[in-house]
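Trainee: Quick one, structure for this:
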Amino acid sequence: MTTRERAQSRANQQRAAQYTEMWVVAQPAEIAAMVQIASASGRLVYVSPPQLMGGDDTRHRRYLRLRTT
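Mentor: Now for the predicted structure:
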């Protein structure tokens, strides 16, 4: 591995450590409360549109990216 490749790898790892990514599966009202709290604290970076779980399951699934610091 060259010096340049090591430097790029280290930079990518540092950027990745700045965020927490997760899928949340819950009732729409519960997800809305979580998103509102994350947004108010300034940690919310991205939230995906809601996706139905399917079948007769009324829960939704959303992807969240949050800042760790």
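
Trainee: Pairing partners for the strand ranked longest in the chain, with directions?
Mentor: Ordering each strand of the chain by length in residues (DSSP state E) puts strand 57-67 first. Here strand 57-67 is paired, per DSSP bridges, with strand 19-26 (antiparallel), strand 44-47 (antiparallel), strand 51-54 (antiparallel).

Trainee: Check which residues of that strand are buried.
Mentor: Of the residues in strand 57-67, His60, Arg61, Arg62, Leu64, Leu66 count as buried by neighbour count, 16 or more other CB atoms under 10 Å. Every C-beta, even on glycine, is put in place using the N, C-alpha and C of the backbone.

Trainee: can you list the residues you listed in JSON lines and add pLDDT and distance to Arg4?
Mentor: Formatted as JSON lines, these follow (pLDDT from 0 to 100; distance: CB to CB, whole Å):
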{"residue": "His60", "pLDDT": "92", "distance to Arg4": "44"}
{"residue": "Arg61", "pLDDT": "92", "distance to Arg4": "39"}
{"residue": "Arg62", "pLDDT": "92", "distance to Arg4": "38"}
{"residue": "Leu64", "pLDDT": "91", "distance to Arg4": "33"}
{"residue": "Leu66", "pLDDT": "90", "distance to Arg4": "31"}
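
Trainee: how about those, which pair is most distant?
Mentor: The distance between the two most remote of the buried residues of strand 57-67 (CB to CB) is 18.0 Å, for His60 and Leu66.

Trainee: I would like the residues contacting the longest strand of the chain, please.
Mentor: The contact list for strand 57-67 (CB atoms under 8 Å, 6 or more residues apart in numbering) reads 18-28, 31, 34-35, 38, 42-53.

Trainee: Quick check on those: which are buried?
Mentor: Using 16+ other CB under 10 Å as the threshold, Val24, Ile31, Met34, Ala38, Arg43, Leu44, Val47 are the buried ones among the contacts of strand 57-67.
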